[in-house]
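Chemist: For reference, the sequence and a predicted model appear below.
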Amino acid sequence: MKDSDLQRLNDGIRDVQDFPKPGIVFKDITPVLSDGELFRLSIDGFIETAREAEISKIIGIDARGFIFGAAVADRLGVGFVPIRKKGKLPWVCEGIAYKLEYGDAEVEVHRDAIVPGEKVMMVDDLLATGGTAGAALELVKKLGGDVVCATFLIELEFLNGRDNLPDDIRVESLLKY
Ligand code: AMP
């Protein structure tokens, strides 16, 4: 992706101080979503990552990963699987508990959402400590999925989230802070 496009995307991210807790600088991606050109650019970025891999499913993480992930899946013409916070999915689930930058959490996925051996790409808005993505990747592995890459719009590099993700998975982020 061109530096000028990355700069435009970067300019669309709004820093919100002390949300949802004092001391957290929240990266607000809603200005990117509400601008048609920026939203399309962000999806272009995810698609560039996906290009060389034969992906058959996109995994999106609750909740902003649904927005980007669903758009990426539509462009690629592949299915979309939501990984949701505990208690939201109606059918039989696999679940996993983990720690967040600001609290504890548990995520779930429907047990039949991924066919064993299927090549999947994970999409989320932001990689912070890597707790969420790490848990999601473990869930996908439990179901027998082959994760080709984990992709993020934003990576907070100072939190070293990559260290919490498996070594054998390609990790890509468009904007690094
Ligand atoms: P983590 O598990 O620490 O990598 O946190 C990643 C998840 O929490 C992502 O799905 C983000 O949506 C959200 N998140 C964590 N920290 C921030 C932040 N500083 N700004 C915006 N979203 C965040």
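Modeler: That came through fine. Quick caveat, the model's predicted, so the values are computed rather than measured.
Chemist: Now do the phi/psi pair for the residue sitting furthest away from the middle of the chain.
Modeler: Distance from the C-alpha centroid of the chain peaks at residue 22, with 24.4 Å (Cα atoms, centre = their mean). The phi/psi pair for residue 22 (degrees, to the nearest 10) reads phi -60, psi 140.
Chemist: What of residue 18?
Modeler: Backbone torsions for residue 18, taken as degrees, to the nearest 10, come to phi 60, psi 40.
Chemist: Spell out which residues of the chain are next to the ligand.
Modeler: 24-27, 61, 64, 100-101, 124-133, 161 (Cβ under 6 Å from any ligand atom). In short, each C-beta sits where N, CA and C put it, glycine included.
Chemist: Start from the N-terminal end of this structure and give the strands.
Modeler: 14-17, 25-28, 57-61, 79-85, 93-100, 103-110, 119-127, 146-155, 170-176 (DSSP state E).
Chemist: starting at the chain centroid, how far to the fourth one?
Modeler: Meaning strand 79-85. Between the centre of strand 79-85 and the centre of its chain there are 10 Å (Cα atoms, centre = their mean, to the nearest Å).
Chemist: now do the third one
Modeler: Between the mean C-alpha location of strand 57-61 and the chain-wide mean there is a distance of 8 Å, by Cα atoms, centre = their mean.
Chemist: partner residues bridging the spatially most central residue of the chain?
Modeler: By Cα atoms, centre = their mean, the chain has its centre lying nearest to residue 124, at 1.5 Å. Using DSSP bridges, the bridge partners assigned to residue 124 are residue 152.
Chemist: Likewise for residue 61?
Modeler: Beta-bridge pairing for residue 61 (DSSP bridges): residue 83.
Chemist: how big is the angle separating the longest helix belonging to the chain from strand 170-176?
Modeler: Criterion DSSP state H: the longest helix present in the chain is helix 36-50. Relative orientation of helix 36-50 versus strand 170-176 (axes from the mean of the first three to the mean of the last three Cα atoms, to 10 degrees): 150 degrees.
Chemist: Residue 87: neighbour count?
Modeler: Neighbour count of residue 87, defined by other Cβ atoms under 10 Å: 10.
Chemist: State the distance from it to residue 81.
Modeler: Counting by Cβ to Cβ, to the nearest Å, the gap from residue 87 to residue 81 is 18 Å.
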